[in-house]
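*Asks:* have a look at this prediction, sequence included:
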Amino acid sequence: MGRATVAGLGLAGLGVAVLAFGAGVAVGMALGDGAVEPDTAPEREVLAPATTSSADAPHTERRHARTPSVATVPDALGALDPGLPTTGTGVITGHVSWDEGRKPLAGVRIVATARVPDAWEFPGSKFPGSQGTLEERVGYYARRFRWDDATRREATTDADGAYSVEGLSDVAYRLNAKVSGFKVRRIPGAETYVPPGSVVDLVASPRTKVTLRVHGPDGTIPENVQINLAAGGQRSSRGWSPKYPELELEPGSNTMVVKAGEFNELRSIPQRLDIKPGDGPRQIDVKVRSAPGIGGRISIEGPTPPPRINVWYLRIRRGSSPTKQQVVASGESIDPSGSNGTYRYALTDLAAGSYAIGVGRQWRTIDVLEIVHVGEEFVRTDLTLPDLDRNACLELSVRAPDGSLLTDVGVTLVWTSAFTSSSMGSNVSVRADGLLWVPFVATHDAATGTHTVGVRSTDYGTIVREFTPSPGARLTIQFAEPARATVSVSGHQGSPAEGRVAVGIRSVAQRQNQNQNQDQTQASVDAKGQALLPPLAPGEYLLRLRLASASRAGRVLVERRVTVTSGNNELAVAMPPLHTLTIDLSGEIGSRTLSVNRDGEYTFEMQSPDKNGRVIFDLLPAGEYTIQVYDGSEAPKKVRIPETTHVTF
């Protein structure tokens, strides 16, 4: 199968227009190297959806968009006070040179902008995923714009390449430099922000201006043109238009490929551009033509588009008709670009042949399957995803304590048997009546396992219920007033695990083999030995004190069953005595590794021995453990801690 290049084809976000007045501020913030940026079109971001390869089904959480109080925005902007610093007498000086520092560069425009106060924070920075209200975001950009405009100071280098930026306040400044035909950078290792009185020397490298003229197969100018460059193992991409036809390239060898069209279906042949120092401007004509591939638009039927869809593709023998299951099992998937019912997909650089193309609402499912034959040109194939089949969906009515419908919840479907569990996805659609339709995959035998749905609310906690995936399945989830739990950990201060533990909690309603070692939520233990858990649905839980871990599955130190009720709950757990186990390996060490696992748990900790064949596992609570050496020559050993603290293999 020819390797496919997956190209994302996104639409500009409407929200960018709302904050367009702050775009200059945002771009300035993004320049990390103090580099000169030529007065040409900004580079276009290439949206490339990642090929999905994980065996785990995705989790989706839908949230209401915030409705801003637009009427307050003008008043808020008028009342903004950025707290501008007073004009000072400080000076930043330096030189700009090129040709490895041997030649001064005159006419460089140096712009100094004061660093914003540390107290300023972009809305949502304290709470990942939160973007702040419209008023907060507009207010931030307006303050930032006024700050930059008021603190900006400029200078130009003289014939000796020297500059002096004057009138600086007693704050740190960031320098940016611009000059046609060069890219100017700070010396590697130099500080980004410097105080008045600093001497900042800059280095410039020459650039050659290259003007491109791009034409389509019929001689017209194509849409959505992207210039892709590869030089020295580095790749870059930027947009092109007749209004901004120029590139500025540093000396070196570049390979250029031009892509164009709604689906990147037009390509140029690779072209080598060799740039030498001192080269004058040049003009290049580029013609793009249709390249082998498949792509198109995806339309969505039904009142509410799904939050996520998947496109699957598989090269097949001509004349064959694979099933949807075969395409999922043997093919590859991509996430099409777009949202809110407007999607595009593109598979480019395909080898000639026949392909099965499918689209589905659920992970590892296909609702619509097409067979497409690819020759020497791009084949446009639009797909239509039908509305959800009510008989293949669980209809969820999720209600707040006051009885109102909730839609800003996360939903997870899980099938669990005596030996395994698997997620069935959670691609939720919110219907016009406020009910949630959650498609399920009824491929598991209900007689040998159980289907559950978990509904998570940020405000009210998580509720898990069993259901039967049958036509017309319905379920109501009623949240109560949440429980708020503070956990006190006695013995935390002075413990060898101080500062390294977290408190986790898991609903008893979740069946034991549903990734049973992982908590549904965790909270870190502070210096006072306390942890404040997020809101919980009232009920029975397993409370665990464990070593902190990004996977929420660190070693469990203590576990106890607790019941929490609506309102405030005070819980307590004691830090247990912790021990150390030393293991010595005899003979050749090689690449052997060891694991230690407390019996009855699902956390396997692995380590490699040091050069002397010794491995030390610390912070172990009392219990029976199994030690395994992974080289096939040693049988597992069982030990009991603290009775045993040293083992030799």
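*Replies:* Great, that's in hand.
*Asks:* which residue ranges form the helices in this structure?
*Replies:* Here the chain has its helices, by DSSP state H, at 14-18, 23-30, 73-78, 134-151, 324-330.
*Asks:* report the rounded mean pLDDT for the third one.
*Replies:* Translated: helix 73-78. Per-region confidence: helix 73-78 scores 58 on mean pLDDT.
*Asks:* again, but for the last one
*Replies:* The average pLDDT within helix 324-330 is 94.
*Asks:* contacts for that helix, please.
*Replies:* Contact with helix 324-330 is made by 312, 313, 314, 322, 356, 358, 364, 365, 366, 369, as judged by C-beta atoms under 8 Å, 6 or more residues apart in numbering. Quick note: C-beta positions are derived from backbone N, CA and C, even for glycine.
*Asks:* repeat the analysis, applying 7 Å as the threshold.
*Replies:* 312, 314, 356, 358, 364, 366, 369 (C-beta atoms under 7 Å, 6 or more residues apart in numbering).
*Asks:* so how far is it from its chain's centroid?
*Replies:* Put simply, helix 324-330 sits 27 Å off its chain's centre (C-alpha atoms, centre = their mean, to the nearest Å).
*Asks:* could you export it as PDB, CA atoms only?
*Replies:* C-alpha atoms of helix 324-330 as PDB (Å, rounded to 0.1, in the frame of the first residue of the first chain):
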ATOM      1  CA  LYS A 324     -16.900  -2.400   7.500                       C
ATOM      2  CA  GLN A 325     -15.400  -4.600  10.200                       C
ATOM      3  CA  GLN A 326     -12.500  -5.700   7.900                       C
ATOM      4  CA  VAL A 327     -11.700  -2.000   7.000                       C
ATOM      5  CA  VAL A 328     -11.600  -1.200  10.700                       C
ATOM      6  CA  ALA A 329      -9.500  -4.200  11.600                       C
ATOM      7  CA  SER A 330      -6.900  -3.800   8.800                       C
END
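*Asks:* list the buried residues of it.
*Replies:* Of the residues in helix 324-330, 324, 326, 327, 328 count as buried by neighbour count, 16 or more other C-beta atoms under 10 Å.
*Asks:* looking at those residues, spot the one nearest residue 414.
*Replies:* The shortest approach to residue 414 among those belongs to residue 328, at 19.6 Å (C-beta to C-beta).
*Asks:* just the endpoints, please. Distance across stretch 260-276?
*Replies:* End-to-end distance for stretch 260-276: 28 Å, by C-alpha to C-alpha, to the nearest Å.
*Asks:* buried stuff in it?
*Replies:* Using 16+ other C-beta under 10 Å as the test for burial, stretch 260-276 gives 260, 261, 262, 263, 264, 265, 266, 267, 268, 273, 275.
*Asks:* which ones among the residues you listed map onto strands?
*Replies:* 260, 266, 267, 273, 275 (DSSP state E).
*Asks:* let's have these in a markdown table, adding pLDDT.
*Replies:* Output for these, formatted as a markdown table (pLDDT from 0 to 100):
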| residue | pLDDT |
| --- | --- |
| 260 | 96 |
| 266 | 95 |
| 267 | 94 |
| 273 | 93 |
| 275 | 90 |
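*Asks:* dump the residues you listed into JSON lines; add distance to residue 465 as well.
*Replies:* Below are those laid out as JSON lines (distance: C-beta to C-beta, whole Å):
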{"residue": "260", "distance to residue 465": "52"}
{"residue": "266", "distance to residue 465": "52"}
{"residue": "267", "distance to residue 465": "52"}
{"residue": "273", "distance to residue 465": "62"}
{"residue": "275", "distance to residue 465": "65"}
